[in-house]
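one predicted model, sequence on top.
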There are 2 protein chains.
Amino acid sequence: MIVLLLFLRRIILDMEKLFSNLTITVHPKIYLKDPESSDLGLRIIEHSILLVDEIGFEAFTFKKLGQRIGSNESSIYRYFENKHKLLLYLTNWYWGWLEYKLVMETYSINSPKDKLKQALEVITRPVEMDASFSHIDEVKLGQIVVNEFSKSYLTKEVDDENKEGYFSIYKRLIHRVRDMILEACPEYKHPASLASTVVDGALHQHFLMDHFTSITDCKKSSPPTVFFKHLVLNTLNIDA
Amino acid sequence: MIVLLLFLRRIILDMEKLFSNLTITVHPKIYLKDPESSDLGLRIIEHSILLVDEIGFEAFTFKKLGQRIGSNESSIYRYFENKHKLLLYLTNWYWGWLEYKLVMETYSINSPKDKLKQALEVITRPVEMDASFSHIDEVKLGQIVVNEFSKSYLTKEVDDENKEGYFSIYKRLIHRVRDMILEACPEYKHPASLASTVVDGALHQHFLMDHFTSITDCKKSSPPTVFFKHLVLNTLNIDA
DNA sequence: GCAAAAATAATAGTAACACTATCAAGTAGC
DNA sequence: GCTACTTGATAGTGTTACTATTATTTTTGC
């Protein structure tokens, strides 16, 4: 058993190495010029994560970002139309990255129930550092998603932007979780709602842990993963 | 049995009559001058609901609201410091109203499980008109809560404003649901997280029904209430 | 190694936003 | 009729969210 596990782990590590020069693909209409294509672009992404995390999306401006990276406001406008598009870029990147993690950490599991459990783990756990992408601080980006993601779709333009495909990575991730729910429990009637509730709810519980502790039971010693695993498995009548 | 039900219904109707001149109390530090205290104040509330629903919170300004109600921008500033405070006022009012509905529609139910079921009904159903408050369009206010509420707390000021008590009605509502969960199932370990997940999740599912239908199973014919009742009752091992 | 092309920086400018301050006009209570 | 209070009107300030133009630097193709 242990030998098998080590063997699987080996495959996974190889796989990760194989994909180590992988880049997360973001819908090209979100940017004017691909930020991965130049040094300035990479610095825009790197420091926008740090600055948004620091001062919040409302107070964030291209002017401040320019000052931070010693570059000009107008140069940043050549990469992104406005800060809303930049936020879309960052959150798209995050969901693409999480989808990659989800696939990597579940593809070798055959039992649908174990696969689902591992998926819940990936989706609800706190974000961990990933050395594969040197210009991105995944932990801070995770915080940005918790605090700002919903602002990217709670707009009057959401239907147009959805049609353009700006949210398709996010939706694809939820479809994956939905399909795993369905494989573990084919007769369940609300797999998509359950998947979206878990993904959105996990962000929400992480926020509550930081700011409204009286309306959550989650804490370091009993993280959201515990709550959501119990919730999903009981809902589907799967034994833990 | 039917006689008893009619009797209870009679009591409830009496009770509603009794409270018909009730006003929902909002934390006084949220406003500079009580909008319920003058005609202009009432018109500010009435038309801010219509205007925010129409153009969204981002595009909403006091100048536009002033034009709409034939009043001056500066006069509105005498009631609210800024539009963020006005949003807090509207959402506080909504949660206070929903709490009132929750209490009214559950207080006479003795069985903890039935009480919880009715609570889930109140919290997850679409908002319905309420003639008791003539200056408030509850349906549109409900839409505003779905689309804008999270923007009221996803800010850098959330901890300060929470300390001031700006979110206490919202938290109190969730505490009520948490307590009902606990009465129906005393051994359940995550009652607060479940309550907050249902309240937030209900708003989210309503949003998805309108904009991202592929990641929800909810629709007119199978509304969020069905999903959440099944979710909660199975999680708590209560038979429907 | 140099010219052309591309990328970036610098500067200026505009309309809207988010206010603050001041003063005038109306109105309500005593 | 005086006072206090409310509302309206006007003006002004600093910031935001851009756009446009021109200058400078960097890259690249030959």
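The structure has been received and is ready for your questions. Nothing here was measured: the structure is a model prediction, and the numbers come from that model. Residues are numbered from 1 along each chain as shown, chains lettered A, B, ... in the order given.

phi first, then psi, for the closest residue to residue A:204 other than its chain neighbours.
Closest residue to residue A:204 apart from its sequence neighbours, by Cβ to Cβ, 6 or more residues apart in numbering or on different chains: residue B:200 at 5.1 Å. C-beta coordinates here come from the backbone N, C-alpha and C atoms, glycine included. Residue B:200 has phi and psi values of phi -70, psi -40 when expressed as degrees, to the nearest 10.

show me what contacts residue B:200?
Shown in contact with residue B:200 (Cβ atoms under 8 Å, 6 or more residues apart in numbering or on different chains): A:200, A:201, A:204.

so who does the last one touch?
If you count contacts by Cβ under 8 Å, 6+ apart, residue A:204 has them with B:196, B:197, B:200.

want to throw those into CSV with pLDDT and distance to residue A:239?
Formatted as CSV, these follow (pLDDT from 0 to 100; distance: Cβ to Cβ, whole Å):
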residue, pLDDT, distance to residue A:239
B:196, 98, 26
B:197, 98, 22
B:200, 98, 28
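
how near is the closest residue to DNA strand D within chain A to chain B?
Of all residues in chain A, residue A:82 sits closest to DNA strand D, at 2.9 Å by Cβ to the nearest atom of the strand. Distance of residue A:82 to chain B, given as Cβ to the nearest Cβ, to the nearest Å: 12 Å.

quick one, phi psi at that residue?
Backbone torsions of residue A:82, given as degrees, to the nearest 10, read phi -160, psi 180.

burial of it, as a residue count?
9 (other Cβ atoms under 10 Å in any protein chain shown).

mind telling me what element residue A:217 is part of?
Using DSSP states H and E, residue A:217 maps to neither a helix nor a strand.

is it true that it touches residue B:195?
No - between residue A:217 and residue B:195 there is no contact under Cβ atoms under 8 Å: 9.7 Å.

of these two, which one has the most company?
Neighbours were counted for residue A:217 and for residue B:195 using other Cβ under 10 Å; residue B:195 has more, 26 against 22.

show me the helices in chain A, by range?
Taking DSSP state H, the helices of chain A run over residues A:2-18, A:39-59, A:62-68, A:73-77, A:83-106, A:112-124, A:138-153, A:158-164, A:168-184, A:191-211, A:224-235.

so which residues make contact with the fourth one?
Taking contacts as Cβ under 8 Å, 6+ apart, the residues outside helix A:73-77 that touch it are A:32, A:40, A:44, A:62, A:63, A:65, A:66.

change it to 6 Å
Contacts of helix A:73-77 with the rest of the structure, by Cβ atoms under 6 Å, 6 or more residues apart in numbering or on different chains, involve A:44, A:62, A:63, A:66.

got the residues of chain A near DNA strand C?
Taking Cβ under 7 Å from any atom of the strand as the contact definition, chain A meets DNA strand C at A:33, A:38, A:39, A:40, A:41, A:70, A:71, A:72, A:73, A:74, A:75, A:78.

and with 10 Å instead?
Neighbours of DNA strand C within chain A, by Cβ under 10 Å from any atom of the strand: A:33-35, A:37-44, A:58, A:63, A:66-67, A:69-79.

mean pLDDT for the helices of chain A: which is lowest?
Here the helices of chain A differ in mean pLDDT, and the lowest is helix A:2-18 at a mean of 67.

for chain A, which residues are neighbours of DNA strand D?
Counting by Cβ under 10 Å from any atom of the strand, chain A comes close to DNA strand D at A:32, A:37-40, A:55, A:57-64, A:72-78, A:80-86.

just the buried subset of the residues you listed, written out for PyMOL, thanks.
The following PyMOL line selects those of those that are buried, judged by 16 or more other Cβ atoms under 10 Å in any protein chain shown:
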select buried, chain A and resi 40+57+58+60+62+76+80+83+84+85+86
